[in-house]
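Undergrad: sequence first, then the predicted structure:
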Amino acid sequence: MRLALNLGYMVGGETPADQLALVQRAEALGYDSVWAAEAYGADVVTLLSWLAAQTSTIHVGSAVMQIPGRTPANTAMTAAGLQNLSGGRFRLGLGVSGPQVSEGWHGVPFAKPLGRTRDYVAIVRKALARETVEYAGEHFHLPLPGTEGKGLKLMVRPVAPVPIYLAGTGPKNLELTGEIADGWLGLFYAAGFAHEQLDALSTGRAKADKDMSDFDVQASFPLVVGEDVAACADPVRTYAALYVGGMGSRKNNFYNNLAVRMGYAAEAAEIQELYLTGRQREAMGTVPQEFIDDTSLLGDQARLADRLAALAESGLTTCAATPVGRDMDAKLAALETLAEAHRAL
């Protein structure tokens, strides 16, 4: 199992210099890759380009680039550019986001996200393979019928294949991910619940006549180092309450649905009710300690080593950590502690 660094959204938690310091320390420690996200703040492409220019071995990945934010052809152009500029170190993570962002920010309908994703990935793969892009699907039709458009081929050749990852939480989304992608980007992954997710991914791989041997099962975890596990969990509560309670609408919150499937139905309903009625602090206090512990990396080096061993045994192939700490020194030290724990496997 490999280690990765996940920077999350660049919304002001760290300065650009801090972001770079984390990435360069991770690279020096042997972390395999660094990932960053976008929502409706800074775009992820600019950040990854900047990071790739100041590193040499660590891979850079989008977790995720938003499907509604770019045409599939534009995404293929961007992926090819980043792959060539980074010397073959780019990994393309894609996701449909949610209806509030897709429809509210990008003005793109959220309906039928699975079909839209299937068409989108097919076109991206076709373009990156430098085939003439002609596609007649339910959601995309290229060239546009009844126009002067013509089938075109990507003008540059990527220096290496671009691995495609998909983010998702629901069983049908995971099945599609296994079928059409090279890897999965997960959140709130718990070793004791991994069977549901891995079964869905395996079903998708079987549909494509493939197995899991060359598929990257990746998930991200908040990382807090310390002797007191309960105290380590406290700074993670903001993140957990936001996703379970407020990431999406009352009708569509994929992370709330995941918490329900993990056995926290009553707690998930209460967290969402508190969060959506403006009582975020109460929502944070309602997140179960067990849920945070199972979906985070908390504790001292020995405990982290045990947790990494359990994650590897469950089928995780890349463990992406987001260090949480009072300052940059604490976050840099956390990356080092996790690396030491990983060496003990």
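TA: Right, received. Where do you want to start? Numbering: from 1, shown residues only.

Undergrad: shaky segments in the chain?
TA: Under the criterion pLDDT under 70, the flagged ranges of the chain are 10-13.

Undergrad: can you list the domain ranges for it.
TA: Following automatic domain parsing, the chain resolves into domains at 2-226+300-343, 228-295.

Undergrad: mean neighbour count for these - can I get that in JSON lines?
TA: C-betas here are computed from N, CA, C, even on glycine. Rendered in JSON lines, the data for these read as follows (neighbours: other Cβ atoms under 10 Å):
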{"stretch": "domain 2-226+300-343", "mean neighbour count": "18"}
{"stretch": "domain 228-295", "mean neighbour count": "18"}
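
Undergrad: can you show me the helices along the stretch 151-300 of the chain?
TA: 171-180, 194-207, 229-233, 237-241, 254-261, 265-276, 280-286, 289-294 (DSSP state H, counting those that start in this stretch).

Undergrad: would CSV of those helices with distance to Asp329 be doable?
TA: As requested, the helices of the stretch 151-300 of the chain are exported to CSV (distance: least, Cβ to Cβ, whole Å):
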stretch, distance to Asp329
helix 171-180, 37
helix 194-207, 33
helix 229-233, 17
helix 237-241, 21
helix 254-261, 31
helix 265-276, 32
helix 280-286, 25
helix 289-294, 24
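
Undergrad: and Ala42, what element?
TA: Taking DSSP states H and E as the definition, Ala42 sits outside all helices and strands.

Undergrad: how much space between it and Leu7?
TA: Computed as Cβ to Cβ, to the nearest Å, the Ala42 to Leu7 distance reads 11 Å.

Undergrad: mind listing the strands for the stretch 1-150 of the chain?
TA: For the stretch 1-150 of the chain, the strands defined by DSSP state E, counting those that start in this stretch cover 2-9, 33-37, 59-62, 65-66, 90-95, 135-136, 141-142.

Undergrad: which among the ones you listed is found nearest to Pro222?
TA: When the strands of the stretch 1-150 of the chain are compared by Cβ to Cβ, strand 2-9 sits nearest Pro222, at 9.3 Å.

Undergrad: please state the offset of whichever strand in the chain runs longest from the chain centre?
TA: The single longest strand within the chain, with elements called by DSSP state E, is strand 216-225. Relative to the centre of its chain, strand 216-225 is centred 10 Å away, using Cα atoms, centre = their mean, to the nearest Å.

Undergrad: now it against strand 90-95, angle please.
TA: Relative orientation of strand 216-225 versus strand 90-95 (axes from the mean of the first three to the mean of the last three Cα atoms, to 10 degrees): 90 degrees.

Undergrad: the strands of the stretch 1-150 of the chain: which one's closest to Gly178?
TA: The nearest among these, by Cβ to Cβ, is strand 90-95 at 14.6 Å.
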